[in-house]
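Novice: make a model of this:
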Amino acid sequence: MTERVKTEATEKIKAIKIGNKDALGYLITDVLAVGNEYAVYEIETEDINKKLRVYIDGLDDESEQKILKDYIEVKQLYIQAKGLLYRSSNFGMMKNRVAHALSTALSGNAELAASEFKGLIGEINKEYKRTFVGRIYYVVPGYVLMLFLLCLSVFQTCYGWPTICQEVKEWLDVALAASIGGAFSLTLNVKNMVFAQEITEGVYIAYGLERISIALLAGVICTLGIKSEFIFANLIGESPEEVWGLLFVVSVAAFSEKMVPNLMKNIDAKAQKV
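Specialist: Next up, the predicted model:
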């Protein structure tokens, strides 16, 4: 029986370590897959499409050519999968799966790796579509409410319909300002939402309704504080400038209830100095 000798990684492959620089001078931030003659690693760069890199250094010319041949067989699928990573909400997990699929090819299983890449590409596209649809359902409640209140306010102002007293008209304007701030907040924060496959569209609508409800409540509370002269007493009045000031503060309150206390404190302190 012929004795099989276990080979070691080449010196160039051993040099692929976190904190080192690769052959092109890029700082290595993570090593995702490594063999005796190849390494798949991540570099420090702002371009997400360039983060993953592969380095091949065969033990001899024949071995290196074989690995390169396997790499060429899956190269297009690898590039396609890597290029779609930005679409994934779970970049870390998908990045590792792409790296290990490439490792499968470089280990001599190009056919299996090609199948893995095709599955990954399908998953990423499916996840992206689910995320896109989820984002739409999440922001819809805010924009529907905002457009409804905007139409109601325009009709009331231009045509006097529906007939409402001045106090109700003021609260309608407050609700409109709050809905604008809430819709803006939904739009900016939607990118931070994680859209899981198990969650249905109805749940995303419920999340959107919850957020727009909080925005309306923040606007109402802010208005009550101003009308009671507890805060921003200088905003109370009948002039257009004072009304617009009130609506601006309400929209800011609805946009981010967390930043309202500091905003109120700063603006109110400035107003008292005047």
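Novice: and residue 186, how far from residue 219?
Specialist: Taking Cβ to Cβ, to the nearest Å as the measure, residue 186 falls 14 Å from residue 219. All C-beta spots, glycine's among them, are computed from the backbone N, C-alpha and C.
Novice: these two: who's more crowded?
Specialist: Ranked by neighbour count (other Cβ atoms under 10 Å), residue 186 and residue 219 place residue 219 first, with 29 against 24.
Novice: residues in contact with that one?
Specialist: 174, 175, 177, 178, 181, 250, 251, 253, 254 (Cβ atoms under 8 Å, 6 or more residues apart in numbering).
Novice: in contact with the first one, which residues?
Specialist: When contacts are counted by Cβ under 8 Å, 6+ apart, residue 174 touches 219, 220, 223, 246, 247, 250.
Novice: nearest residue to the third one in space, please, no chain neighbours.
Specialist: Yep, that's residue 223 we're talking about. Residue nearest to residue 223 in three dimensions, not counting chain neighbours: residue 174, with 5.0 Å by Cβ to Cβ, 6 or more residues apart in numbering.
Novice: list the buried residues in the helix or strand encompassing that neighbour.
Specialist: Using DSSP states H and E, residue 174 sits in helix 166-189. For helix 166-189, burial by neighbour count (16 or more other Cβ atoms under 10 Å) applies to 170, 172-186.
Novice: is residue 62 located within a helix, as I assumed?
Specialist: Yes - counting by DSSP: H, G, I helix; E, B strand; the rest coil, residue 62 is found in a helix.
Novice: that one: neighbour count?
Specialist: Residues near residue 62, counting by other Cβ under 10 Å: 8.
Novice: could you number the chain from 169 rather than 1 from now on?
Specialist: Will do, 169 is the new start, and the previous item becomes residue 230.
Novice: quick check: pLDDT value at it.
Specialist: The per-residue pLDDT reported for residue 230 equals 92.
Novice: same thing with residue 405?
Specialist: Here the pLDDT value assigned to residue 405 is 59.
Novice: again with the one 4 residues further on
Specialist: At residue 409, the pLDDT value in this model is 59.
Novice: least confident pick among the contacts of residue 387?
Specialist: Ranked by pLDDT, those bottom out at residue 421, which has 84.
Novice: relative orientation of whatever helix or strand that residue lives in and helix 334-357 in degrees?
Specialist: Taking DSSP H and E as the definition, one finds residue 421 inside helix 408-423. Counting by axes from the mean of the first three to the mean of the last three Cα atoms, to 10 degrees, helix 408-423 lies at 40 degrees to helix 334-357.
Novice: and helix 408-423, which residues are buried?
Specialist: 413, 414, 415, 417, 418, 419, 420, 421, 422, 423.
Novice: stretch 372-389 now?
Specialist: 372, 373, 375, 376, 377, 379, 380, 383, 384, 386, 387, 388.
Novice: distance to residue 205 and pLDDT for the residues you listed - can I get that in JSON lines?
Specialist: Shown next, in JSON lines, are those (distance: Cβ to Cβ, whole Å; pLDDT from 0 to 100):
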{"residue": "372", "distance to residue 205": "47", "pLDDT": "89"}
{"residue": "373", "distance to residue 205": "52", "pLDDT": "91"}
{"residue": "375", "distance to residue 205": "49", "pLDDT": "90"}
{"residue": "376", "distance to residue 205": "52", "pLDDT": "92"}
{"residue": "377", "distance to residue 205": "56", "pLDDT": "93"}
{"residue": "379", "distance to residue 205": "52", "pLDDT": "91"}
{"residue": "380", "distance to residue 205": "57", "pLDDT": "94"}
{"residue": "383", "distance to residue 205": "58", "pLDDT": "92"}
{"residue": "384", "distance to residue 205": "62", "pLDDT": "92"}
{"residue": "386", "distance to residue 205": "60", "pLDDT": "89"}
{"residue": "387", "distance to residue 205": "63", "pLDDT": "90"}
{"residue": "388", "distance to residue 205": "67", "pLDDT": "90"}
